[in-house]
Every structure is written in C-alpha cells, then in structure tokens.
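Visitor: whatever this is, show me its structure:
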Amino acid sequence: MKAEHITPFVSASLSVIETLTGAKPQRGQLTARPSIFTTQQVNIVCGIPGQVEGQVIYGMSIVTADKMASKMLGAPVVTFDQLAASAIAELGNMISGNAMTLLAGQGVSCDITPPTIVKGSNVKISTLDIPALVIPLRVEGVGDLEINVSMQERIRKAA
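Guide: Down below sits the predicted model:
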C-alpha cells in the first residue's frame, strides 16, 4: 500500500469533517493491520474500483454517529433512524468523493461504490486480504472516528 494512495483519505477526512462540524479533527497515531476490519457500532463501507482498488470503512460508536448526524442535519438526533443513517452515509460519500478528486490530481483514476451502512453491536466487518492503514480521528464535541483504508494497485490480467 502506497502512502500517496492513503494521504488523500486523510486530507479529505480532515477537510470534510471540519467543514461539517466546525471543529478541526485531531489525528491519532496511524497503525497498520494485516487486513481491513472494524468492530465499531456504525460503519460506512465504500468500495474503490479503478487503477487502485480496495475498500474504505469509516467506523464510529452510535453516540458519535448521532452527534455527527446532528451536526450534519442541523437538528438533534435522538435515535439513529433512517434520516441519521442517510446523513452518515453521505459523510462517507463526501470524504471518499473528495479523496477520489485528490487521487485524480495525482493521475490515479478510480471511483467509489455507493456507501453501505452496517450498524450493530458485536458486528465484525472483515474484507479483503489487503493490508489496511487505520487513521483514528477525534472530533471535539462529536467523538472518535476510525478510518480503515485498504487499497492496492489493480492487478492486470494477462490477455
């Protein structure tokens, strides 16, 4: 996994979250995992097809998801309902879309799949055997987010 493929997700996350919440996210220590997985309560899963391919999972607690959705909707979210889920899915879409724009600026052509929300306690998401880089973010007044990015150069099939 190349740093130049991960950096756009870090930059996009910081920019989008600050725009939506008005708070500058604090980035924690980056860590590597042998594969992508998360045990968070609310997860946004986006596939990345293209020259580089893989997956990104934006994970957070239900409390953080409620607070983030409240900021995005401009009204308090008491229960994580369909409207809150839609707002959280859009968060993943916005960050991933911004990252794709930054990758395109590097000459890397990729796309994103529509975001999927996976919610629940004791849910473990595990996909791909591609190493993942985990980017923890703390947002004042909102909570902690965990961004798992797992990407590799597309393997070209012999003709």
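
Visitor: confirm that residue 76 sits in a strand.
Guide: No. Applying DSSP: H, G, I helix; E, B strand; the rest coil, one finds residue 76 to be coil, outside a strand.

Visitor: neighbours of the residue lying closest to it once chain neighbours are set aside, how many?
Guide: Spatially, and ignoring its direct neighbours in sequence, residue 76 is nearest to residue 70 (5.1 Å; Cβ to Cβ, 6 or more residues apart in numbering). To be clear about C-beta, it is placed using only N, CA and C from the backbone, and glycine gets the same treatment. As a burial measure, residue 70 scores 17 neighbours (other Cβ atoms under 10 Å).

Visitor: okay, and residue 70 sits in which element?
Guide: Per DSSP states H and E, residue 70 falls inside helix 62-73.

Visitor: so the residue nearest to residue 76 touches residue 80, yeah?
Guide: No. Here residue 70 does not reach residue 80: they are 10.7 Å apart, not a contact under Cβ atoms under 8 Å.
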